[in-house]
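Trainee: can't give you the sequence, but here's the structure:
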């Protein structure tokens, strides 16, 4: 089917945050992630693909599956590039509807590992942290409202499909959330270059929220004041700091390692 | 001093790999990294700064120090942006001469931790891995010749100054290098989604080369065939893979943790 010109224009506008929010939509790109989207609990509004991509057997079977539930528009490579975030969309993208009001229930017993991002600004970092949380089996992610927006195309792309695998709350006011979590019995663990706690001495069972802060100045004072533990990953060399995504990986790996012993 | 027009043109050309290589130069950006460069064992060919940046006390003292050893050109913000990789250069950049023939000596006894990158393609990943190696005190880094080039501006920027902290060999033919390292008694440890070794069961003392592979297909067959250990970081969730930079952080942290117990 040929896409109506005004629809194409609407989809191009999804590159801008205010239009993404107004329309409640987001875009995913590439064969693997579009296939994940098709299997996820999200409404697919439409898909777009190029003639060239559709000639591939794998893409053709994906398109056949998508056609049962939404329009699949045939577009030129140039039209697709105008909507996709990268030139690596492999000729196929899907437009999904956001789920309003995602909630991550706080447990009052048992085990629960949540991750919160406090003013993480770089979309590549936010997406890679979501992917890392998914690898290490976190139960949910909370993006503070001063962090980059979840549906920023580069965040979505950097999650490599993990956006479909675990509940993610967006634009949350973190201090009240963390206060509620503490009241429910969660330990609040923040990473902090001025911290004194060793990651390997953290509680690994029970309920925790791990908080990662801004790339330049770490967690905010309001969040730090709620911390039960302030962790610094031991340094052996000369680097002034560690990339926030790497810090998240190291802490989550350490947490899981101890939980399994 | 006002920069000659033809010099400005030459420096703009450093954005292209072939000119960077022909001239043997590279560019670093921002107050902190330029200051690190000034304290590092590299020849500073020249520095450029804007009038606005020079009015800052901190930058002014840096410029005063630089002027004792190289020309410091005053340029417009637009001229600077034409050479810098980002808009975040804070009004100051320095042009450095590459060191030819960096060698990382293989030790025949004692402890040594080297990291090698086999076809790591993304400059942000390569730079962040260098920064991570610096944090965890690796003794040197070897970039395989199919990896992104060390002096790519985004690699340099992503190292956040760590490029000055440890020896880095660029464009190395990895299989012969790894063969020499094995002969010298190093263990070759590769990360591999099909691997069976647990990172926490690796040797942590002695001499090792940890190898990280391409973002999409991992290490090459030639490198895998030289591996003593093939490590997979345990997975607890649904993500198909872990970002290579995160994998490097997790393995280096695990290695150092065990070495210190």
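Mentor: Alright, I've got the coordinates. Remember, predicted model here, so these are calculated numbers, not experimental data. Numbering: from 1, shown residues only, chains lettered A, B, ... in the order given.

Trainee: domain parsing for chain A?
Mentor: A:5-97, A:112-259 (automatic domain parsing).

Trainee: can I get those domains in a markdown table with distance to residue B:223 and mean pLDDT?
Mentor: For every residue, glycine as well, the C-beta is placed using N, CA and C. Shown next, in a markdown table, are these (distance: least, CB to CB, whole Å; pLDDT from 0 to 100):
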| stretch | distance to residue B:223 | mean pLDDT |
| --- | --- | --- |
| domain A:5-97 | 25 | 93 |
| domain A:112-259 | 23 | 94 |
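
Trainee: which one of these is the most hemmed in?
Mentor: Among the domains of chain A, domain A:112-259 has the highest mean neighbour count (mean count of other CB atoms under 10 Å in any protein chain shown), at a mean of 21.

Trainee: picking that back up, closest one to residue B:74 among the domains of chain A?
Mentor: Closest to residue B:74 of these, according to CB to CB: domain A:112-259, at 27.5 Å.

Trainee: now check that closest one, is it near chain B?
Mentor: Yes - shown here: domain A:112-259 in contact with chain B (CB under 8 Å from any CB of the partner chain) through A:124, A:128, A:131-138, A:160-162, A:165-166, A:200, A:233-243, A:245-250, A:253-254, A:256-257.

Trainee: Narrow those to those in helices?
Mentor: Judged by DSSP state H, the subset of these located in helices is A:124, A:128, A:131-135, A:245-250, A:253-254, A:256-257.

Trainee: Quick one: residues contacting the closest residue to chain B within the stretch 51-200 of chain A.
Mentor: As assessed by CB to the nearest CB, chain B sits closest to residue A:137 within the stretch 51-200 of chain A, at 3.1 Å. Taking CB atoms under 8 Å, 6 or more residues apart in numbering or on different chains as the criterion, residue A:137 is in contact with A:113, A:256, B:235, B:236, B:237.

Trainee: and the two most separated of the residues you listed?
Mentor: Longest span within the contacts of residue A:137, CB to CB: A:113 and B:235, 14.5 Å.

Trainee: Now do the strands in chain A.
Mentor: A:25-29, A:44-50, A:72-75, A:92-97, A:112-117, A:140-144, A:168-172, A:187-191, A:207-212, A:229-231 (DSSP state E).

Trainee: Note down every partner strand of the first one and its orientation.
Mentor: Right, the one you point to is strand A:25-29. Paired neighbours of strand A:25-29 in the sheet (DSSP bridges): strand A:92-97 (antiparallel).

Trainee: Can you check what angle separates the partner strand from strand A:44-50?
Mentor: With axes from the mean of the first three to the mean of the last three CA atoms, to 10 degrees defining the directions, strand A:92-97 sits at 160 degrees from strand A:44-50.

Trainee: Give me the contact list for strand A:92-97.
Mentor: A:11, A:14, A:24-31, A:34, A:37-38, A:42-50, A:53, A:59, A:62-63, A:66, A:80, A:83-84.

Trainee: Also stretch A:12-32?
Mentor: So stretch A:12-32 is contacted by A:10-11, A:34, A:36-37, A:45, A:58-59, A:62, A:82-86, A:88-90, A:92-98, A:100, A:149, A:151-153, A:156-157, A:161, A:163, B:240 (CB under 8 Å, 6+ apart).

Trainee: rewinding a little: could you pull up phi and psi at the residue of the stretch 51-200 of chain A closest to chain B?
Mentor: phi 70, psi 40 (degrees, to the nearest 10).

Trainee: who's in contact with residue A:3?
Mentor: By CB under 8 Å, 6+ apart, the contact set of residue A:3 is A:48, A:73, A:74, A:75, A:79.

Trainee: ok, now with 10 Å
Mentor: With contacts defined as CB atoms under 10 Å, 6 or more residues apart in numbering or on different chains, the neighbours of residue A:3 are A:11, A:46, A:48, A:71, A:72, A:73, A:74, A:75, A:76, A:79.

Trainee: now residue A:140
Mentor: A:102-106, A:112-116, A:133, A:166-169, A:209 are the contacts of residue A:140 under CB under 10 Å, 6+ apart.

Trainee: how about the nearest residue to residue A:76, chain neighbours excluded?
Mentor: Closest residue to residue A:76 apart from its sequence neighbours, by CB to CB, 6 or more residues apart in numbering or on different chains: residue A:50 at 6.7 Å.

Trainee: ugh, wrong one, residue A:107
Mentor: In space, residue A:107 is closest to residue A:207, 6.1 Å off (CB to CB, 6+ apart).

Trainee: Specify the beta-bridge partners of that neighbour.
Mentor: When assigned by DSSP bridges, residue A:207 has beta-bridge partners residue A:112.

Trainee: what's it in contact with, if anything?
Mentor: Per CB under 10 Å, 6+ apart, neighbours of residue A:207: A:106-114, A:139, A:181, A:184-187.

Trainee: mind redoing it with 6 Å?
Mentor: A:112, A:185, A:186 (CB atoms under 6 Å, 6 or more residues apart in numbering or on different chains).
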